[in-house]
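**Q** Let me see the structure of the following:
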Amino acid sequence: MIGTARMRPETDPSAVVSDRLLVHGMERLRVADASIMPSMRSANTCATTLMIAEKAADFICGG
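**A** All right, here's what the predicted structure looks like:
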């Protein structure tokens with residue numbers, strides 16, 4: 001599903017995920033899939049999802 005986990009600052013009550021892909025209210029849990037995309041792209045979502053996963057790996061490794 002796309003757009004089911006809104007990515008916004010923790011101060012936004014409708015937010016689920018922070019800009020560092022951390023789930024609000026959970027410790028060390030990240031979302032790294034298409035659910036954080038705000039809308040459906042006209043192309044395949046595979047490449048975009050891979051880029052999200054790479055960014056999550058950077059965050060986890062401390063980059």
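**Q** Low-confidence ranges, this structure, go.
**A** Filtered on pLDDT under 70, the chain yields the residue ranges 63.
**Q** Which parts of this protein are strands?
**A** In chain order, the chain shows no strands, with DSSP state E as the criterion.
**Q** Show me which residues of stretch 37-52 are buried.
**A** Of all the residues in stretch 37-52, those buried under the rule 16 or more other C-beta atoms under 10 Å are 37, 49, 52. (C-beta placed from N, C-alpha, C; glycine too.)
**Q** And for stretch 6-23?
**A** For stretch 6-23, the neighbour count (16+ other C-beta under 10 Å) marks 7, 15-18, 21-22 as buried.
**Q** For those residues, which two are the farthest from each other?
**A** Of all pairs drawn from the buried residues of stretch 6-23, the widest gap by C-beta to C-beta lies between Ala15 and Leu21 and measures 12.0 Å.
**Q** joint contacts of those two?
**A** With contacts defined as C-beta atoms under 8 Å, 6 or more residues apart in numbering, the residues shared by Ala15 and Leu21 are Met7.
**Q** Met37 and Thr45 touch, don't they?
**A** Yes. Between Met37 and Thr45 there is a contact under C-beta atoms under 8 Å: 7.0 Å.
**Q** List the residues that are in contact with both of the two.
**A** Contact with both Met37 and Thr45 is made by residues Ile2, according to C-beta under 8 Å, 6+ apart.
**Q** returning to what we had before: just send the buried residues of stretch 37-52 back as TSV, with distance to Glu27 too.
**A** Formatted as TSV, these follow (distance: C-beta to C-beta, whole Å):
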residue	distance to Glu27
Met37	24
Thr49	24
Ile52	21
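**Q** Among these, which lie within helices?
**A** If you go by DSSP state H, these have 49, 52 in helices.
**Q** of the buried residues of stretch 37-52, closest to Arg30?
**A** Nearest to Arg30 among the buried residues of stretch 37-52, counting by C-beta to C-beta, is Ile52 at 10.0 Å.
**Q** Can you name the residues that contact the residue lying closest to the closest one once chain neighbours are set aside?
**A** Sequence neighbours aside, Ala32 is the residue nearest to Ile52 in space, at 5.4 Å (criterion: C-beta to C-beta, 6 or more residues apart in numbering). Going by C-beta under 8 Å, 6+ apart, Ala32 touches 21, 52-53, 55-56.
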